[in-house]
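Participant: Everything below, folded, please.
(chains A and B)
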Protein chains: 2
Amino acid sequence: MKIALLLTGNELMTGDTVDSNSAMIAQSLAVQGFDVAHKVTVGDDIDLIIAELDKLAALYPAIIINGGLGPTVDDLTSEALSLLTGEPLVENPQALAHVNEWCERRGVPANAANLKQTMLPASACVLANPVGSAVGIALQYRDCLLLCTPGVPPELAAMLEVSVLSALQLGFPDASARLVRRLKLFGMGESSLQQIIADQCPHWPTEVVVGFRAGVPLLELKLEIEDEAHLSLRDQCEAELRQVVGDFIVGENDDTLGAIVIALLQQQNKQLTLAESCTGGMIASNITAISGASSVFGAGFVSYSNAVKTNVLGVDAALIEQYGAVSEPVVKAMAEGALKCSEANCVIAVSGVAGPDGGTDDKPVGSVWVAWGGVGAINTHLFHYPVGRKMFQTIVSALALDLLRRYLLGSTEVPNYYQRKRLKPESNV
Amino acid sequence: MKIALLLTGNELMTGDTVDSNSAMIAQSLAVQGFDVAHKVTVGDDIDLIIAELDKLAALYPAIIINGGLGPTVDDLTSEALSLLTGEPLVENPQALAHVNEWCERRGVPANAANLKQTMLPASACVLANPVGSAVGIALQYRDCLLLCTPGVPPELAAMLEVSVLSALQLGFPDASARLVRRLKLFGMGESSLQQIIADQCPHWPTEVVVGFRAGVPLLELKLEIEDEAHLSLRDQCEAELRQVVGDFIVGENDDTLGAIVIALLQQQNKQLTLAESCTGGMIASNITAISGASSVFGAGFVSYSNAVKTNVLGVDAALIEQYGAVSEPVVKAMAEGALKCSEANCVIAVSGVAGPDGGTDDKPVGSVWVAWGGVGAINTHLFHYPVGRKMFQTIVSALALDLLRRYLLGSTEVPNYYQRKRLKPESNV
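Facilitator: All right, here's what the predicted structure looks like:
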């Protein structure tokens, strides 16, 4: 069932606050089959608020209103409802009891600002707020159910759980939940994936809706159905997808490459070490972001300078002299040195030119040698991603983790990430 | 001047994506005197998009449209503009050149999905996109200037800077820019800072408007005036602020702690090394995110396991045995070891319990020992931030860099970060 969302607050208009409430509302209501189809945000301007409520109420059977329930003069929701409906504001006994109880618990008397929160339109029902002083408001306006919620995120979260969802379900008992399957891919863009599905899965059923969420470094692919009866159809679609792009699918839901690699290392009882030059600690950070990383990761080396490559990792200075730090022999020696120093049995090493400075004709900005594998089984490959320093570090960190993921799954083949023309190492280094 | 914002994308409606774009747009346009007064968000639904454009165009002289410029079938902006204006979609030569050049740089041929992005309404002008394949669109509809921007944040950021603002300024030369001074603070929350200003700067002039943008790890404080004549008044306010919270002000505009520390190290011709346990490479990553880091940073150690603390950094195993890895003697020995291994003369070392597991009664989750300083001059301090793993790593990384910043500026005093009660190390470790 489609519903609307009206957010109010000057801080949302100026950009001083990033609105995370609407995502929270949308996600918690979608589970029960209520989809936010239309979202309007305005400042603390009562005329605009009333006009938008009037417009949205003509289009949707329910509106969630967020913000404007607080005690200050710029909290206008109750007054706006009164002007919209023509109902006078009256002291609501339930709201009064809530405010008094809330103040009592804090050992303070209710002041005028608190008491302002007890004045609601005459026909309003109270939505319980287990956290804050403001009660929520439920009110029928013409054919539309208005549900007013507080802007403070923990209060909103609590109220969604205890009172908003049940009010919606009471009002609309026929709404039915949606079933979404979320897959995560690395190394493939949205447009390539869409093209592949169009070309290679020509009989895609209309019941399974495909959606994308472009992210860096992972792309999310969603398979959505509206009816449980189509679950097996969705499973078929997923199986078909896995046949054509399965090796690019790294996980599902909120999986990260760090978490996936850690899980594989744990399963195989392996220890990882890292020797990072151009990624400067980002791979280690992606790994240690995950709780439990310490079970498979003991040591990482950020070997930015040649001196540390030689002194700590034991890379032969003559190799660096002869081939340069960004080269196959050096990245391999970095990997071997890290394995030796750490007593790990799995390794990633990277050496590249993140830029914007430091590029040469031979090794332009964006060039990076990656080494990955295990003791006595180190693979190497040259990549080239001239995409800006931050994006380069992000992509290379993810790509190195993905190569290790594939290695742990038994493959040392280098996929055609992002459908690029392959570089010929000879011609570039 | 008041303008409207229309955001499109199913991912914004489902809550899969938290909308940070509208804050970016509002903040960058406000500086030039364009205020977002009305924001509407809808899914990839062409009828809704057209209806909203029509409504907003009757109310505002300009609309920024964000999202829907990509190559996939759910990117509908261009088609919506065509249906709204009645203009056919034609191949735009500038857009075609851009897409071809973009694909060429990546060594891939332009596919049908890419070429879809070159079909624009006949009278559309192209807004340059220096980052992605999609061009922006500027189009006059009745009395309203429509400016279409991409949903991918780095592309949006680049386009705001190079083409959107100039298009608005061309269209509305009378909008008056605001003069905003942005200061960055570390270690102080918004409400504390607001209280300090209220208490200690009682004669604050109304011409200088104070604004905040809460960020992690830095808080932004904005001093805004509307008239150049008030510049000296703003300077006075800044001087007053610096008297009361000056040591918490780390920089301005887009400064990061990594960049600030690198600049200080460069000025003092010093070399930094890092020994990270619980931050797991995040400090190194913050440093190497900055171009030019290699001039002051050669080696970092992610010493997650006790073995590597001993084998690589040379921490006496007996110290770890006696005091535990999260202790003052060990973090100091880690710092000394890193200095020795790297031949650097400046160091940060951290050892703590990021959680959620691994805490003990003695060293609860959120405890962290930080060591910082130079050869023979290492300072140590115990902090406690039980704030969740990701936030803990972010705060501790920033705090360690801030302590080094203060050290490089001549102070080894530990400030009262976030106005917390000081921990007594004896009672906690």
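Participant: Strands of the stretch 1-150 of chain A, start to end?
Facilitator: Taking DSSP state E, counting those that start in this stretch as the criterion, the stretch 1-150 of chain A carries its strands at A:2-8, A:35-42, A:62-66, A:89-91, A:119-121, A:125-127, A:136-141, A:144-149.
Participant: and the gap between A:A128 and A:Q117?
Facilitator: For A:A128, the distance to A:Q117 equals 14 Å [C-beta to C-beta, to the nearest Å]. Yep, even glycine has a C-beta here, placed from its N, CA and C like the rest.
Participant: Hmm, I typed the wrong one, I wanted A:E79.
Facilitator: A:E79 is 12 Å from A:Q117, by C-beta to C-beta.
Participant: So which of those two has more stuff around it?
Facilitator: When A:E79 and A:Q117 are compared on other C-beta atoms under 10 Å in any protein chain shown, the one with more neighbours turns out to be A:Q117, at 25 against 17.
Participant: Am I right that A:M13 is in contact with B:L29?
Facilitator: No. The pair A:M13 / B:L29 is not scored as a contact, 11.1 Å apart, by C-beta atoms under 8 Å.
Participant: Quick check: residues of the stretch 151-300 of chain A near chain B?
Facilitator: Taking C-beta under 8 Å from any C-beta of the partner chain as the contact definition, the stretch 151-300 of chain A meets chain B at A:190-191, A:194-195, A:211-214, A:220, A:222, A:274, A:276, A:278-285, A:287-289, A:291-294, A:297-300.
Participant: Sitting in helices, which of those residues do you find?
Facilitator: Judged by DSSP state H, these include A:190-191, A:194-195, A:282-285, A:287-288 as members of helices.
Participant: Please indicate which of those residues has the highest neighbour count?
Facilitator: In terms of neighbours by other C-beta under 10 Å, those top out with A:A284 at 34 neighbours.
Participant: Identify the residue nearest that residue in space, chain neighbours excluded?
Facilitator: B:G281 (2.9 Å; C-beta to C-beta, 6 or more residues apart in numbering or on different chains).
Participant: Would you confirm that the one you found contacts A:F297?
Facilitator: No. At 9.9 Å, B:G281 does not count as touching A:F297 under the criterion of C-beta under 8 Å.
Participant: burial count for the residue nearest to A:A284?
Facilitator: For B:G281, the neighbour count with other C-beta under 10 Å is 33.
Participant: Just want to check the distance between it and A:D402.
Facilitator: For B:G281, the distance to A:D402 equals 18 Å [C-beta to C-beta].
Participant: Give me the residue ranges of chain A where confidence is low.
Facilitator: Scanning chain A with the threshold set as pLDDT under 70 gives A:420-429.
Participant: on that earlier part again, which residues do B:G281 and A:F297 both contact?
Facilitator: A:284, A:287-288 (C-beta atoms under 8 Å, 6 or more residues apart in numbering or on different chains).
Participant: need the contact list for the residue in the stretch 51-200 of chain A that chain B sits nearest to.
Facilitator: Per C-beta to the nearest C-beta, A:S191 is where the stretch 51-200 of chain A lies closest to chain B, at 4.1 Å. Applying C-beta under 8 Å, 6+ apart to A:S191 gives the contacts B:70-72, B:111, B:113-114.
Participant: among the residues you listed, which ones are buried?
Facilitator: Buried members of the contacts of A:S191, counted by 16 or more other C-beta atoms under 10 Å in any protein chain shown: B:70-72, B:113-114.
Participant: Put together CSV for those residues, with distance to chain A on each row.
Facilitator: Formatted as CSV, these follow (distance: C-beta to the nearest C-beta, whole Å):
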residue, distance to chain A
B:G70, 7
B:P71, 4
B:T72, 5
B:A113, 4
B:N114, 7
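Participant: residues from the stretch 1-150 of chain A in reach of chain B?
Facilitator: Residues of the stretch 1-150 of chain A lying near chain B by C-beta under 8 Å from any C-beta: A:12-20, A:22-27, A:30, A:35-43, A:45, A:48.
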